[in-house]
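K.L.:
sharing a model that was predicted from the sequence below.
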Amino acid sequence: MHFQILDYQGTSEEDSEITLLLTRVFVEEGFTDKSDAETMFTPTGVRRRGDIILAKSIAGKLLGMIIFVPSTSPARQIADIDEAEIHLLAVHPEARGQGVASRLILLCEQRAISYGYSKMVLSTQQTMKQAHQVYKSQGYRRNSARDWSNTGTNKVFNVYEKALGNQSKDTL
(Lines give C-alpha, C1' and ligand atoms only; values in the text may rest on other atoms or scores of the structure.)
Protein backbone atom coordinates (compact mmCIF):
# COMPACT_ATOMS: atom_id res chain seq x y z
CA MET A 1 0.00 0.00 0.00
CA HIS A 2 1.33 3.37 -0.99
CA PHE A 3 0.59 6.28 1.29
CA GLN A 4 1.89 9.70 2.13
CA ILE A 5 2.64 11.31 5.46
CA LEU A 6 1.38 14.86 5.81
CA ASP A 7 1.11 17.52 8.48
CA TYR A 8 -2.45 18.41 9.45
CA GLN A 9 -3.68 21.46 7.55
CA GLY A 10 -6.70 22.28 9.72
CA THR A 11 -9.37 21.91 7.08
CA SER A 12 -12.93 21.03 8.04
CA GLU A 13 -12.63 17.92 5.84
CA GLU A 14 -9.57 16.75 7.81
CA ASP A 15 -11.35 17.49 11.09
CA SER A 16 -14.30 15.33 10.02
CA GLU A 17 -12.04 12.50 8.84
CA ILE A 18 -10.02 12.58 12.09
CA THR A 19 -13.17 12.47 14.24
CA LEU A 20 -14.51 9.54 12.21
CA LEU A 21 -11.19 7.66 12.40
CA LEU A 22 -10.79 8.15 16.15
CA THR A 23 -14.40 7.09 16.72
CA ARG A 24 -13.93 4.03 14.49
CA VAL A 25 -10.72 2.92 16.21
CA PHE A 26 -11.28 3.88 19.83
CA VAL A 27 -15.07 3.73 20.30
CA GLU A 28 -16.11 0.96 17.90
CA GLU A 29 -13.23 -1.27 19.04
CA GLY A 30 -14.28 -0.79 22.67
CA PHE A 31 -11.44 1.33 24.08
CA THR A 32 -13.30 4.60 24.69
CA ASP A 33 -16.87 5.25 25.78
CA LYS A 34 -18.93 7.13 23.23
CA SER A 35 -19.76 9.88 25.75
CA ASP A 36 -16.04 10.43 26.48
CA ALA A 37 -15.23 10.44 22.77
CA GLU A 38 -17.74 13.20 22.11
CA THR A 39 -15.57 15.58 24.14
CA MET A 40 -12.10 14.05 23.60
CA PHE A 41 -12.27 13.76 19.82
CA THR A 42 -13.58 17.20 18.92
CA PRO A 43 -11.35 19.01 16.44
CA THR A 44 -10.45 21.62 19.07
CA GLY A 45 -9.67 18.95 21.67
CA VAL A 46 -7.47 17.00 19.28
CA ARG A 47 -5.62 20.09 18.01
CA ARG A 48 -4.84 21.23 21.58
CA ARG A 49 -2.76 18.10 22.23
CA GLY A 50 0.08 18.86 19.81
CA ASP A 51 1.19 18.41 16.20
CA ILE A 52 -1.19 16.19 14.23
CA ILE A 53 0.46 14.03 11.59
CA LEU A 54 -1.65 12.19 9.02
CA ALA A 55 -1.16 9.19 6.75
CA LYS A 56 -3.27 9.41 3.61
CA SER A 57 -3.69 7.16 0.62
CA ILE A 58 -2.52 8.48 -2.73
CA ALA A 59 -6.22 9.17 -3.43
CA GLY A 60 -6.40 11.30 -0.27
CA LYS A 61 -8.26 8.94 2.10
CA LEU A 62 -7.20 9.21 5.75
CA LEU A 63 -5.54 5.92 6.75
CA GLY A 64 -4.03 6.87 10.09
CA MET A 65 -2.92 9.61 12.42
CA ILE A 66 -0.72 10.35 15.40
CA ILE A 67 -0.14 13.37 17.60
CA PHE A 68 3.36 14.56 18.54
CA VAL A 69 3.11 16.11 22.01
CA PRO A 70 6.03 18.23 23.25
CA SER A 71 6.80 18.17 26.97
CA THR A 72 5.68 21.81 27.17
CA SER A 73 2.13 20.96 26.08
CA PRO A 74 -0.57 21.16 28.76
CA ALA A 75 -1.96 17.95 27.20
CA ARG A 76 1.11 15.89 28.10
CA GLN A 77 0.34 13.01 30.39
CA ILE A 78 3.68 11.49 31.41
CA ALA A 79 6.56 13.17 29.57
CA ASP A 80 9.43 14.66 31.55
CA ILE A 81 11.07 17.85 30.27
CA ASP A 82 13.53 15.92 28.02
CA GLU A 83 10.84 13.64 26.58
CA ALA A 84 8.26 13.99 23.83
CA GLU A 85 5.04 12.03 23.89
CA ILE A 86 2.82 10.25 21.38
CA HIS A 87 -0.97 10.49 21.61
CA LEU A 88 -3.86 8.92 19.72
CA LEU A 89 -2.08 6.69 17.24
CA ALA A 90 -4.94 5.37 15.13
CA VAL A 91 -4.83 3.34 11.93
CA HIS A 92 -7.96 2.41 10.00
CA PRO A 93 -8.50 -1.38 10.20
CA GLU A 94 -8.26 -1.70 6.40
CA ALA A 95 -4.77 -0.11 6.46
CA ARG A 96 -3.27 -2.14 9.32
CA GLY A 97 -0.22 -4.27 8.64
CA GLN A 98 0.90 -1.94 5.83
CA GLY A 99 3.51 0.08 7.75
CA VAL A 100 1.29 3.09 8.46
CA ALA A 101 1.76 3.01 12.24
CA SER A 102 5.50 2.44 11.93
CA ARG A 103 5.95 5.42 9.62
CA LEU A 104 3.86 7.69 11.84
CA ILE A 105 5.83 6.66 14.93
CA LEU A 106 9.14 7.14 13.10
CA LEU A 107 8.16 10.63 12.02
CA CYS A 108 7.32 11.55 15.63
CA GLU A 109 10.70 10.21 16.73
CA GLN A 110 12.50 12.22 14.07
CA ARG A 111 10.60 15.34 15.07
CA ALA A 112 11.53 14.72 18.73
CA ILE A 113 15.21 14.36 17.81
CA SER A 114 15.12 17.58 15.77
CA TYR A 115 13.66 19.39 18.82
CA GLY A 116 16.39 17.98 21.06
CA TYR A 117 14.39 15.40 23.01
CA SER A 118 16.26 12.31 24.22
CA LYS A 119 13.30 9.99 24.69
CA MET A 120 9.84 9.27 23.32
CA VAL A 121 7.12 8.07 25.71
CA LEU A 122 3.52 6.97 25.34
CA SER A 123 0.61 5.60 27.33
CA THR A 124 -1.62 2.81 26.08
CA GLN A 125 -4.56 1.03 27.61
CA GLN A 126 -3.88 -2.42 29.03
CA THR A 127 -6.43 -3.93 26.65
CA MET A 128 -4.77 -2.56 23.49
CA LYS A 129 -2.72 -5.70 22.86
CA GLN A 130 -2.28 -5.07 19.13
CA ALA A 131 -0.88 -1.60 19.84
CA HIS A 132 1.54 -3.05 22.41
CA GLN A 133 2.95 -5.30 19.70
CA VAL A 134 3.39 -2.38 17.31
CA TYR A 135 5.27 -0.36 19.93
CA LYS A 136 7.50 -3.30 20.85
CA SER A 137 8.31 -3.88 17.17
CA GLN A 138 9.45 -0.24 16.97
CA GLY A 139 11.86 -0.62 19.88
CA TYR A 140 9.66 0.66 22.71
CA ARG A 141 10.03 -0.99 26.09
CA ARG A 142 7.47 -1.14 28.84
CA ASN A 143 8.25 0.83 31.99
CA SER A 144 5.67 -0.38 34.50
CA ALA A 145 7.07 1.97 37.15
CA ARG A 146 5.48 4.83 35.16
CA ASP A 147 2.06 3.21 34.61
CA TRP A 148 -0.83 5.41 35.68
CA SER A 149 -4.59 5.36 35.99
CA ASN A 150 -7.34 7.76 35.04
CA THR A 151 -9.59 8.08 38.06
CA GLY A 152 -12.45 9.38 35.92
CA THR A 153 -12.59 6.28 33.73
CA ASN A 154 -10.91 3.75 36.06
CA LYS A 155 -8.60 2.77 33.20
CA VAL A 156 -4.99 1.80 33.82
CA PHE A 157 -2.45 2.89 31.22
CA ASN A 158 0.78 1.07 30.42
CA VAL A 159 3.76 3.29 29.69
CA TYR A 160 6.24 2.52 26.93
CA GLU A 161 9.41 4.48 26.21
CA LYS A 162 12.29 4.60 23.76
CA ALA A 163 15.64 6.38 23.94
CA LEU A 164 16.25 8.42 20.78
CA GLY A 165 19.98 9.08 20.89
CA ASN A 166 21.21 6.85 18.06
CA GLN A 167 18.76 7.62 15.28
CA SER A 168 19.52 9.41 12.06
CA LYS A 169 17.18 12.06 10.67
CA ASP A 170 17.63 10.48 7.23
CA THR A 171 15.84 7.21 7.93
CA LEU A 172 12.44 8.10 6.47
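P.N.:
Perfect, thanks for sending it. Numbering: from 1, shown residues only.

K.L.:
just say helix, strand or coil for I5.
P.N.:
strand (DSSP: H, G, I helix; E, B strand; the rest coil).

K.L.:
Three-state assignment for S102, please.
P.N.:
Assignment for S102 (three-state DSSP): helix.

K.L.:
now do it against I5, distance only.
P.N.:
Here the distance between S102 and I5 works out to 11 Å (Cβ to Cβ, to the nearest Å). (C-beta placed from N, C-alpha, C; glycine too.)

K.L.:
more neighbours, those two?
P.N.:
I5 (17 against 13; other Cβ atoms under 10 Å).

K.L.:
quick check: the more buried one touching L104?
P.N.:
Yes - the pair I5 / L104 is scored as a contact, 6.9 Å apart, by Cβ atoms under 8 Å.

K.L.:
where do the contact lists of those two overlap?
P.N.:
Here I5 and L104 share the contacting residues 53, 55, scored by Cβ atoms under 8 Å, 6 or more residues apart in numbering.

K.L.:
list the contacts for the residue of the chain most remote from its centre?
P.N.:
Largest separation from the mean C-alpha position in the chain: A59, at 22.8 Å (Cα atoms, centre = their mean). By Cβ under 8 Å, 6+ apart, A59 lies in contact with nothing.
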